[in-house]
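>>> turn this into a structure:
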Amino acid sequence: MQHHKLTDLPHLTQLRHTLHRHPELSGSETDTARRLEAHMQAYSPDQLYTNLGGTGLAAVFNGIEPDGPTVLFRAELDALPITEANEDLHYKSEAEGVSHKCGHDGHMAILSALGSLLHQRRPARGKVVLLYQPAEETGAGAWAVLQDQRFEQEIKPDYVFALHNLPGKPKHQVVVREGVFAAASTGMVVELHGKSSHAAEPENGVNPGQAMAEIILAFNQIVRDKAQFQDLTLLTVIHARLGEVAFGTNPGYATVMATLRSYQPADLQKLKELTQQHVQEIADRHSLRHTIRFVEEFPATVNHSREVQLVRQAAAQLELDVQEAVHPFRWSEDFGHFTARYKGAFFGLGSGETQPQLHHSNYDFPDELIPTGASLFYGIANEILNK
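Numbering: from 1, shown residues only. You can find the predicted model right below:
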C-alpha cells in the first residue's frame, strides 16, 4: 500500500483525538469549525470560507495553472446525541450525551490530511476545495451549504467526492457502487386533533386513539405489499403518542411518527403519497383534523459511473482491495444533494471487521485510516487535475 507521504501524521492524529473529545451536535459545530480553521492555517490555503450554510468551512487550494476544473472533497462536522461507552479512551468525549459515533472526527482528519498533502504539492491546474459540512446527521447541512450564495457563485465545483468509513468491512478496503449508493429517507410526522373531554364523559369528546391505531396498522400494511414498489422500500413507525398521562381525561390529541426509506426516489415518492392518502381517509372517517409534515429529508446518494471509475483507479494505484457493493446501503447520507447537482461519487472505506457498527456507543474511528483516506482523495484529485 503506497501512501503519499504525510509529514505531520502525529498532528493529524492529535487533531482527530481533540475533535473526538469535543463533539458538537448538528447545526452547532462552531468550536469544531474554529479548531479546523486554526489547524488549516498551517497549510496556507488560498482561501478560507467560514460560516458556509451555518457553521461550514471550506478551504481552497489553487493549482499551479489557474485554468481547470474544481474538485471538492467533503467531510462532516457533526457528532451524535449518544453517550460514549468507551471508558478506556484517553480522548473520551467530554460533552455529556454527545459523541462521534459515526466517525466524522476521522473524516475531518482525513480531509485535513489532504490539506497537508496539497500544501506539500499543489495540483498542476484547477483547484481543490476541502468542505467541512455541518449537520449531516439531520440531512439539513448539505442543502444549507448549497443555498449559500458563495457556494454557488464562487466555489462552484465541477466534481464532488466523499467517503464514509464502514465497520464490518476489512480495514482499508474500498467499497464502490455505480448508481444508488445509499438510500433516500425522510421522517414523517402525523398529528391528529380531536376534542378532549372528561374521561367519565367520553361521548362529549373526540378521542383520536382508534384512528392512531388504524394509521399504524395501515402504514405497516403498505410496505408489506412489495409488488407496488420497484426496489427495497421500508417504513418504520418510530413514535406514537396519545394525549397525556391523566386518568381523568379523554384525550383529544395524538401523534404518529415514522421513517420512510427506499433505494429508488420514485418509490419514496409513492410511499409518501400512499401514507398521506391513508391518513386523510382515516382522519376523515373519525372526524379528526390532521396535519402531516416531513422532516430530516435525505435524497438517495446516486453515483456517476465515470467518477466511480476515478475512485477505482486511485485505489488501484495504492494497491487497495476494491469491493463492488451488490446492493445500496440502507442508511441515508445527505451527500446525495451534491451528486444530484454535480458529477461525483461517494464511496466506503472499511474500518475493520470487528469494529462496532456506526451509531453504537462503543464505536471509535481507527486512526490508521487517516493516511489511506487522504491518499485516496489525493489520488482522485491527481487523476483529474494532473492528467
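>>> test for you: state the pLDDT assigned to the closest residue to G209 other than its chain neighbours.
Among residues not flanking G209 along the chain, L242 sits closest, at 5.1 Å (C-beta to C-beta, 6 or more residues apart in numbering). For every residue, glycine as well, the C-beta is placed using N, CA and C. Predicted confidence (pLDDT) for L242: 98.
>>> near L242, how many other residues are there?
18 (other C-beta atoms under 10 Å).
>>> does it touch T249 like I think?
No - taking contacts as C-beta atoms under 8 Å, L242 lies outside contact range of T249: 10.9 Å.
>>> write down the beta-bridge partners of the residue nearest to G209, one by one.
With DSSP bridges as the criterion, L242 is bridged to A254.
>>> who's in contact with it?
208-209, 212, 251, 253-254 (C-beta atoms under 8 Å, 6 or more residues apart in numbering).
>>> most neighbours among those residues, please name it.
Most surrounded of the contacts of L242: other C-beta under 10 Å gives P208, at 30 neighbours.
>>> using the three-state scheme, assign the residue nearest to S44 when sequence neighbours are not counted.
Leaving aside its sequence neighbours, S44 sits nearest to H119 (C-beta to C-beta, 6+ apart; 6.2 Å). Following DSSP: H, G, I helix; E, B strand; the rest coil, we place H119 in the helix state.
>>> doesn't Y43 make contact with H119?
Yes - in terms of C-beta under 8 Å, H119 counts as a neighbour of Y43; the distance is 3.8 Å.
>>> out of the two, which sits in the busier spot?
Neighbours per residue (other C-beta under 10 Å) separate H119 from Y43, with Y43 holding more: 19 against 16.
>>> tell me the pLDDT at the more buried one?
98.
>>> that one against S116, yeah?
Yes - using C-beta under 8 Å as the test, Y43 is close enough to S116 to be in contact (5.9 Å).
>>> so R35 sits in a helix?
Yes - under three-state DSSP, R35 falls within a helix.
>>> looks to me like I292 is in a strand.
Yes - counting by three-state DSSP, I292 is part of a strand.
>>> contact partners for it?
188-191, 276, 279.
>>> ditto for N303
176-181, 339, 344-347 are the contacts of N303 under C-beta under 8 Å, 6+ apart.
>>> buried subset of those residues?
For the contacts of N303, a neighbour count by 16 or more other C-beta atoms under 10 Å gives the buried set as 176-178, 180-181, 339, 344-347.
>>> and the strands in the stretch 101-250 of the chain?
125-133, 159-166, 174-176, 179-182, 184-193, 197-198, 233-242, 249-250 (DSSP state E, counting those that start in this stretch).
>>> using CSV, lay out these together with distance to S262.
Output for these, formatted as CSV (distance: least, C-beta to C-beta, whole Å):
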stretch, distance to S262
strand 125-133, 24
strand 159-166, 19
strand 174-176, 21
strand 179-182, 10
strand 184-193, 6
strand 197-198, 41
strand 233-242, 4
strand 249-250, 38
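>>> alpha carbons of the helix or strand containing A266, in CSV - could you do that?
In this structure, A266 sits in helix 265-285 according to DSSP states H and E. Provided in CSV are the C-alpha atoms of helix 265-285 (Å, rounded to 0.1, in the frame of the first residue of the first chain):
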residue,chain,number,x,y,z
PRO,A,265,-36.5,8.1,-5.5
ALA,A,266,-39.8,7.1,-7.2
ASP,A,267,-40.5,4.6,-4.5
LEU,A,268,-40.1,7.1,-1.8
GLN,A,269,-42.5,9.5,-3.6
LYS,A,270,-45.0,6.7,-3.9
LEU,A,271,-44.7,5.8,-0.2
LYS,A,272,-45.2,9.4,0.7
GLU,A,273,-48.4,9.6,-1.4
LEU,A,274,-49.8,6.3,-0.1
THR,A,275,-49.2,7.2,3.6
GLN,A,276,-50.8,10.6,3.1
GLN,A,277,-53.9,9.1,1.4
HIS,A,278,-54.3,6.6,4.4
VAL,A,279,-54.0,9.4,7.0
GLN,A,280,-56.5,11.6,5.1
GLU,A,281,-59.0,8.7,4.8
ILE,A,282,-58.7,7.5,8.4
ALA,A,283,-58.8,11.1,9.9
ASP,A,284,-61.9,11.9,7.8
ARG,A,285,-63.7,8.8,8.9
